[in-house]
Structures are given as structure tokens and as C-alpha cells.
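Trainee: Here is a sequence with its predicted model. Questions after.
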Amino acid sequence: MKKLGYGYCSSSKATIVFFFFIHVASILVTQYTEAFDPLIQLPRTTFTKTRTRTRPRSRRLISLLDFSAIGDGIHNDTQPFLEAWKTACSLPGFVNVDIPYGKTFLIHPVDIDGHCRSKITLRILGTIVAPKDPAMWYGLNQRKWLYFHGLNHLTVEGGGSINGMGHEWWAKSCKTNSTIPCHPAPTALTFHKCKNLKVNNLTLLNSQQMHLAFTSCMRVVASHLRVLAPPSSPNTDGIHISICKGVEVRDTIIRTGDDCISIVRNSSRVWIRNITCGPGHGISIGSLGKSNVWEKVQDIYVNGVHLFNTDNGVRIKTWQGGAGFASKITFQNILMENVSNPIIIDQYYCDSQKPCENQTSAVKVEGISFIDVQGTSATKEAIKFACSDSSPCEGLYLENISIVSASCSRGNVSSYCWQAYGSTRGFVYPPSCLLSNDNFIKQRVWLGSNHATNSI
Ligand SMILES: *[C@@H]1O[C@H](CO)[C@@H](O)[C@H](O)[C@H]1NC(C)=O
Ligand SMILES: *[C@@H]1O[C@H](CO)[C@@H](O)[C@H](O)[C@H]1NC(C)=O
Ligand SMILES: *[C@@H]1O[C@H](CO)[C@@H](O)[C@H](O)[C@H]1NC(C)=O
Ligand SMILES: *[C@@H]1O[C@H](CO)[C@@H](O)[C@H](O)[C@H]1NC(C)=O
Ligand SMILES: *[C@@H]1O[C@H](CO)[C@@H](O)[C@H](O)[C@H]1NC(C)=O
Ligand SMILES: *[C@@H]1O[C@H](CO)[C@@H](O)[C@H](O)[C@H]1NC(C)=O
Ligand SMILES: *[C@@H]1O[C@H](CO)[C@@H](O)[C@H](O)[C@H]1NC(C)=O
Ligand SMILES: *[C@@H]1O[C@H](CO)[C@@H](O)[C@H](O)[C@H]1NC(C)=O
Ligand SMILES: *[C@@H]1O[C@H](CO)[C@@H](O)[C@H](O)[C@H]1NC(C)=O
């Protein structure tokens, strides 16, 4: 609890500063003891109900060791893995495929087609490792390592780990060495076009690039994950959600070199809660609108995130020139410690080697709420709304915000607004700079009143 000292450091503190010190302190205490108790009680998940209803009496068990896997981390165990999967896939009913505890299986890039008779639970009790050497991807898709597609009712769990062995990929990244041209690197674990998917209780380590991606999926629950990579590892996003509908991510710890969670490309109904993030780049919506694409990200509810030493806190980033919407997005119950750019909307995002041209179109950002955000900022600008000239942000909403400086010497923090319209309620520090415009659509807070994965 040493961090509670922040409020005391300036000798010229006004009473208001003391007020939010108390406020931060009480939030820290309640959140550490009760974790993140959501303000709204959400209904129980469909999955819980389905599970209790359909959990079968018997389940076939298949182990990688039944298929002559060695599990010493040196032998190529790809073939046994594929054979175990093929067998599991062809059986009727429920099947467990076990990656045994205490062993390490070296698996080369695999593309698993999920048109199975069975409903499979992949139990990773031990460790799966990738080949260290990027040359092993020669002639293969450089973006994939463990790739599952077209599965319905897959569960991946077991308490084991998946290690991408990414060091050689990181050294070859253009983000690490700017003289090297940019080239793709694998996402460790990808689920594409999967439905009714659960990914629980796993550790994902040192991925080549992103750790876990859900693309074109529906009804996904990811929980009790630990995602770990060095802060300096390039583009090692924790969990990436793209073109998905109905995703819940909860009870997860993410410490990597890029976004803890990123949500992009036509995704909706995403519910994120009880996440610890940092180091890393925070929780990001986007980037959206790159290369002039149209996209829509909406109905996102982020409730209960502890951000620690991250490069951003909660962020929406769009490229100039895009189109579509980022709307109905709520960030609530957020605790920040020494976060750079705690609250940021950046419609001038440009992550390319050459500078980006100014353009006249933009992804429309509207209906974005920040409620109950407390903590400390590592930068002077604690709130930044850099919105598009051609399509200003509308319906921004701030309620009960208190972000103070993480360092005594930097003094007060401030807000920056450009073309940003909206309203505030309750206590807001740093003071809001939002422009109000009653003609703009009345703000409605999206609280995920139904569970994200319900009713799809
Ligand atoms: C590992 O085994 C898989 C499956 O048999 C094979 O496709 C791959 O080429 C093997 N890799 C090496 C380096 O032996
Ligand atoms: C995770 O998996 C381990 C090993 O199977 C098990 O003992 C533990 O209870 C699981 N934890 C959760 C949260 O499911
Ligand atoms: C960057 O890459 C170039 C070309 O591959 C290489 O010569 C140089 O040593 C690398 N620099 C570092 C710092 O690794
Ligand atoms: C939050 O997640 C952590 C794991 O990251 C877990 O230990 C804790 O029990 C969760 N809290 C709640 C309230 O579920
Ligand atoms: C999003 O969906 C729209 C149609 O609904 C499509 O035109 C657009 O290409 C999609 N964008 C992306 C980035 O997938
Ligand atoms: C706070 O964040 C800054 C910028 O990321 C970093 O340089 C500094 O070491 C951090 N302070 C602490 C106490 O971790
Ligand atoms: C874009 O516009 C800004 C502000 O009007 C200006 O400072 C900047 O130089 C322009 N950039 C380009 C690439 O034209
Ligand atoms: C904001 O703070 C006020 C005063 O402490 C409190 O009455 C209100 O419930 C808070 N709102 C939220 C959403 O926590
Ligand atoms: C910090 O903010 C307080 C209260 O708004 C004000 O009295 C004080 O002058 C500010 N200090 C600096 C260095 O701007």
C-alpha cells in the first residue's frame, strides 16, 4: 500500500487534492479486499446453465502419450498431437484430449480444422512449446502457430502453459531494429470461426507476436489466463478480438509488450472484467480505420481493470481516413497506477514508418463513457481527447474521475480536448475540457445489461 502516499507529496495541496487522495485510498482498499465488485449485478451466463445441463456422465479420454509422444521438449511431437486430435474428432460425444502434466511437447505450426463429430476439451496440463527458430516456418504461413478453425463447443483448459519461444522473432522485428524491414510473425494461439468456445486456466508465455486471438468467433469466454512476455517484446498483444460477437474476458492477468487487450474490426458485445494489466499498452479499442476501411466496434463494456505502469490506460485509436463507428463503449471501475495517457481517444493514430497524410474522413467516435476511474498518471495529460476535425467525437461522458500525478515534481495533471463534445457528472479531476452541445445525441451508457454472450 506504499502507493497511497501519492496524495501527500506536494506541499501546496488544496483540499480538493486531499479529497481525491481519500477517494483513491478507499477505492484501493475496497478493490483489493473485494476485488472488482461490479456495480450492476449481471445475470448468470448461458454457459453456466448449459454446462450443468449437458455435462455428460462419461467422457472419453485420450492422451498424447497414447500416440507415442515423447514430451521432452526436443522431439517433434506434432504428429502425435495431430493423430490424437484426429481420433478425438472422429468419435461421437464428449472427448478429452490430454497434454499430460510434467511434460513439454514441441509442436510445429498446426492448422486444426474443427469439423468434428465430438465436442472436445483440450486439457493442457503440461507445456506446449514452439520451435525457437523462425526458419521452421519456411514455406508456411508466418502468422500462425497453433491455429484452430471452425470448431463448435471447444474447451481449452488445464492449468498448463503454451510457450511461443518468441526471442528470435523479437530480435528480427522491425520494432526492435528499425533497419530491418517489417514482416509478419505468428500469433501463438488463434481461434478462427469458432462458436461456443471456452479458453480457461492457462498460462501463455513469450509469444512470437500476439498471444491469443479470436477472429470471426461467436460466444467466447476466456478466463483465468496469465499472459506473460517482457515489456520490451514487440507487438506481443495479450488478447486480440477481431470480427467477434459475444466475447467475455475475465479474471485474467496480462503483462506484455503491447496492448493487454485489443478489440478491432466489426466486433460487438464484448464484456471485459477483472483484468490486471501491466506492463503493456493498456486496453485498446482499435486501431480502427487503417487503409481507409469501414468498420464498426460497438457495445463494449469494460468493468474492473487494474492498470499498472502501462503506456496507455483505456484507449480508442483510429487512423485518419477510415470510416464507420466506435460507439456505445463504457470503461468503468478502472484503477490506474503510474499509467501514461490514462484516458485517451486518438483519432490521429499513425503507427507506420512514414508519416500519415491528413485526410478528411474518420471513424466516428460516439457514446463513450468513463465512469469511476481512479489513480495516478505518469504523464501530465491524464485525459486526452484528440478527435477528428471532419467528424468530432460526440456523447463523451465522464463521471467520478480522479487521476493525480504519479510523481510529485510534475504537479497537476490536465485534460486535452480537440473537437470533443460531451458531458460530465460527479467529481472530475483533471477538470474536463469537453464542449457541450445539446444538439448532439443524448449520451446513453451501455452497461451490458444482458450478458455479452446472451441472446446472440
Ligand atoms: C514435425 O512434424 C510435423 C508433422 O509430422 C512435420 O510436418 C514437420 O515437418 C516436422 N518438423 C520438423 C522440423 O521435423
Ligand atoms: C486450473 O487447472 C488446475 C490443474 O488442472 C486445477 O487444479 C485448478 O483448479 C484450475 N483452476 C481453475 C481456476 O479452474
Ligand atoms: C539491425 O539489423 C542490421 C541488419 O540486419 C544488423 O546489421 C544490425 O547489427 C542490427 N542491429 C542491432 C542493434 O541488432
Ligand atoms: C479476479 O481475477 C483473479 C485472477 O486474475 C482471481 O484470483 C480473483 O478471484 C478474481 N476476482 C473475482 C471477484 O472474481
Ligand atoms: C465491417 O463490416 C462491413 C459490412 O458490414 C464491411 O463492409 C467491412 O469491410 C467490414 N470491415 C472490416 C475491417 O472487416
Ligand atoms: C512510472 O512510469 C514511468 C514511465 O513509464 C517510468 O519511467 C517509471 O519508472 C515508473 N515509475 C515507477 C515507480 O514504476
Ligand atoms: C496535418 O495537419 C496538421 C495540422 O493542421 C499539420 O500540422 C500537419 O503538418 C499536417 N500533416 C501533413 C502530413 O500534411
Ligand atoms: C459518483 O460519486 C458520487 C459521490 O461520491 C456517488 O454518489 C455516485 O454514486 C458515483 N457514481 C458512480 C457511477 O459510482
Ligand atoms: C494545481 O491546481 C490547484 C487547484 O486547481 C491550483 O490551485 C494550483 O495553482 C495548481 N498548481 C499548478 C502548479 O498549476
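Mentor: Okay, I see it. Ligands and ions are numbered 1, 2, ... in the order given.
Trainee: and residue 81, that's in a helix?
Mentor: Yes. Assessed by DSSP: H, G, I helix; E, B strand; the rest coil, residue 81 belongs to a helix.
Trainee: Next up, the contacts around the residue nearest to it when sequence neighbours are not counted.
Mentor: Nearest residue to residue 81, sequence neighbours excluded (Cβ to Cβ, 6 or more residues apart in numbering): residue 107, at 5.5 Å. Backbone N, C-alpha and C define where each C-beta goes, glycine included. For residue 107, the contact set (Cβ atoms under 8 Å, 6 or more residues apart in numbering) comprises 77, 78, 81, 128, 129, 130, 146.
Trainee: Do me a favour and get the backbone dihedrals for the first one.
Mentor: With angles defined as degrees, to the nearest 10, residue 77 sits at phi -100, psi 20.
Trainee: That one contacts residue 69, correct?
Mentor: Yes. Assessed by Cβ atoms under 8 Å, residue 77 is found in contact with residue 69 at 4.4 Å.
Trainee: Between these two, which has more neighbouring residues?
Mentor: Counted by other Cβ atoms under 10 Å, residue 77 and residue 69 do not tie: residue 77 has more neighbours, with 27 against 24.
Trainee: How about the contacts made by the more buried one?
Mentor: By Cβ under 8 Å, 6+ apart, the contact set of residue 77 is 64, 69, 70, 71, 105, 106, 107.
Trainee: Quick check: the gap between it and residue 128.
Mentor: Note on residue 77: its distance to residue 128, by Cβ to Cβ, to the nearest Å, is 9 Å.
Trainee: Now do the shared contacts for these two.
Mentor: Common contact partners of residue 77 and residue 128 (Cβ under 8 Å, 6+ apart): 105, 107.
Trainee: picking up where we left off before, tell me the residues that contact both of residue 77 and residue 69, please.
Mentor: Any residue near both residue 77 and residue 69 by Cβ under 8 Å, 6+ apart counts here, and that gives residue 105.
Trainee: what residues does the protein put near ligand 5?
Mentor: Proximity of the chain to ligand 5 (Cβ under 6 Å from any ligand atom) is limited to residues 243, 265, 266, 293, 294, 295.
Trainee: try 5 Å this time
Mentor: Residues of the chain found near ligand 5 (Cβ under 5 Å from any ligand atom) are 265, 266, 293, 294, 295.
Trainee: Closest one to residue 352 out of the residues you listed, please.
Mentor: Here the nearest of the residues of the chain next to ligand 5 to residue 352, counting by Cβ to Cβ, is residue 293; it sits at 14.8 Å.
Trainee: Quick one: residues contacting the closest one.
Mentor: Residue 293 makes contact with 322, 323, 324 under the criterion Cβ under 8 Å, 6+ apart.
Trainee: Among those residues, which ones are in strands?
Mentor: Among the contacts of residue 293, DSSP state E puts 323, 324 in strands.
Trainee: any idea how far the spatially most central residue of the chain is from residue 286?
Mentor: Residue closest to the average C-alpha location in the chain (Cα atoms, centre = their mean): residue 261, at 1.3 Å. Taking Cβ to Cβ as the measure, residue 261 falls 12 Å from residue 286.
Trainee: Also residue 215?
Mentor: Residue 215 sits 16 Å away from residue 286, going by Cβ to Cβ.
Trainee: cool, and residue 264?
Mentor: Per Cβ to Cβ, residue 264 is found 6 Å from residue 286.
Trainee: Please enumerate the shared neighbours of the two.
Mentor: Taking Cβ under 8 Å, 6+ apart as the contact criterion, the residues that touch both residue 264 and residue 286 are residue 297.
Trainee: Mind checking which of the two has more residues around it?
Mentor: Counted by other Cβ under 10 Å, residue 264 and residue 286 do not tie: residue 286 has more neighbours, with 26 against 21.
Trainee: Grab the nearest non-local neighbour of that one.
Mentor: Nearest non-adjacent residue to residue 286 (Cβ to Cβ, 6+ apart): residue 317, at 4.1 Å.
Trainee: Wait, the one you found touches residue 288, no?
Mentor: Yes. Shown here, residue 317 and residue 288 form a contact pair, counting by Cβ under 8 Å, at 7.2 Å.
Trainee: How about the contacts made by the residue nearest to residue 286?
Mentor: Residues near residue 317 by Cβ under 8 Å, 6+ apart: 284, 285, 286, 287, 288, 344, 345, 346, 347, 349.
Trainee: out of those, who's nearest ligand 2?
Mentor: Nearest to ligand 2 out of these is residue 284 (Cβ to the nearest ligand atom; 26.4 Å).
Trainee: Let's verify residue 259: helix, strand, or coil?
Mentor: Recorded secondary structure, residue 259: coil (three-state DSSP).
Trainee: Near residue 70, how many residues? Count them for me, please.
Mentor: By other Cβ under 10 Å, the residues close to residue 70 number 16.
Trainee: no wait, residue 99
Mentor: Look at residue 99: counted by other Cβ under 10 Å, it has 28 neighbours.
Trainee: coming back round to it: and the contacts of residue 107 near ligand 2, which?
Mentor: When contact is defined as Cβ under 5 Å from any ligand atom, the contacts of residue 107 do not meet ligand 2 at all.
Trainee: so of the residues you listed, which ones are in helices?
Mentor: Residues of those located in helices (DSSP state H): 78, 81.
Trainee: Kindly write the PyMOL command that selects the buried subset of the contacts of residue 107.
Mentor: A single PyMOL command suffices to select whichever of these are buried according to 16 or more other Cβ atoms under 10 Å:
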select buried, resi 77+78+81+128+129+130+146
